[in-house]
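return atomic coordinates for the entry below.
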Amino acid sequence: MSNVSDVSDKRDVRAGAYPSRTFAGVLFDMDGTLIDSLGAVERSWLQWCEEFEIAPAALAGAHGRTSANTIAIVMADRAESERLAAHARIGEIEVGDTEGIVVLPGAIEAFETLDRLGVPHAIVTSCERDLAQARLVATGLPRPSVVVTASDVSHGKPGPEPYLRGAELLGVPIGDCLVIEDATAGLVSGRAAGAGALVAVLGTTTVEILARDADVVVASVATIPWADLTPRP
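Numbers count the residues shown, from 1 in each chain. This is a model prediction of the structure:
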């Protein structure tokens, strides 16, 4: 794990240091890493909280988790039928609200660079399949050949299954994959999966918190030196 004071000489690095080794695959989180959906997320969950009489403060720390995991925590005292209804409802609300969702700087360029270098890459998101598709369409972010959603795994982030599945579908050992994340839940997931290294990007979580779990914290995807980290064909 990284220490905030352990800063490399890369201009954009806010904590830790880039690994010296190369990586054969890259696994990207989506929301907060490749796209900015924060406004839509906040609107959706505030509406959901009002409908199900949940204090918004109960959602603290939920970023990066699946909606099912969040609901299981904040509605632990509710009947299973109510939790299932709540899960279905947040899906409806979120799929219906894509206003203001945009691609973050460097995301499209990262995909283009990795394609040029011949490095396989995937999206591994806590969104369910319909929501991931809605946000990809809304932003125009190119869809890589591998997209792992919460609908494709039994247990989402912070468990290891999403990133293990992503590496498997890429045909690359997880230990040879670089994970790019913006939230603690995703970093914990990548670490538990055995990812070769974890790069955190700023935007939704402070550098101090990210540095607890990431190998390096950087300003954004736009500043990651892909050619230095991934093998050339």
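
residues contacting the nearest residue in space to residue 210 that is not next to it in sequence?
Of all residues not flanking residue 210 in the chain, residue 200 sits nearest, at 3.9 Å (C-beta to C-beta, 6 or more residues apart in numbering). From N, CA and C alone the C-beta is placed, and that goes for glycine too. Contacts here follow C-beta atoms under 8 Å, 6 or more residues apart in numbering; on that basis residue 200 touches 180-182, 187, 210-211, 213-214, 216-218.

biggest separation within the residues you listed, which pair?
Longest distance between any two of these is 15.3 Å, between 180 and 211; criterion C-beta to C-beta.

okay, the residue nearest to residue 210: pLDDT?
Looking at residue 200, its pLDDT stands at 98.

that's a strand at it, yeah?
Yes: counting by DSSP: H, G, I helix; E, B strand; the rest coil, residue 200 falls inside a strand.

distance check, it against residue 73.
Relative to residue 73, residue 200 is positioned 23 Å away (C-beta to C-beta, to the nearest Å).

list the contacts of the least confident helix or strand in the chain by mean pLDDT.
The helix or strand of the chain with the poorest confidence is helix 67-74; it has a mean of 91 (mean pLDDT, DSSP states H and E). Contacts to helix 67-74, defined as C-beta under 8 Å, 6+ apart, come from residues 54, 58-59, 62, 83, 86-87, 90-91, 94, 126, 128, 150, 156-157.

next one: the residue of the chain positioned farthest from its centre from residue 85, what distance?
Ranked by distance from the centre of the chain (C-alpha atoms, centre = their mean), the top residue is residue 79, with 29.6 Å. Counting by C-beta to C-beta, the gap from residue 79 to residue 85 is 9 Å.

again with residue 55
In terms of C-beta to C-beta, residue 55 sits 19 Å off from residue 85.

the two - which one has more neighbours?
More crowded of residue 55 and residue 85, by other C-beta atoms under 10 Å: residue 85, with 14 against 9.

can you confirm that one is in a helix?
Yes: the assignment for residue 85 is a helix, going by three-state DSSP.

list the contacts of it.
Contacts of residue 85 by C-beta under 8 Å, 6+ apart: none found.

separation between it and residue 229?
44 Å.

repeat for residue 167
From residue 167 to residue 229 the distance is 16 Å (C-beta to C-beta).
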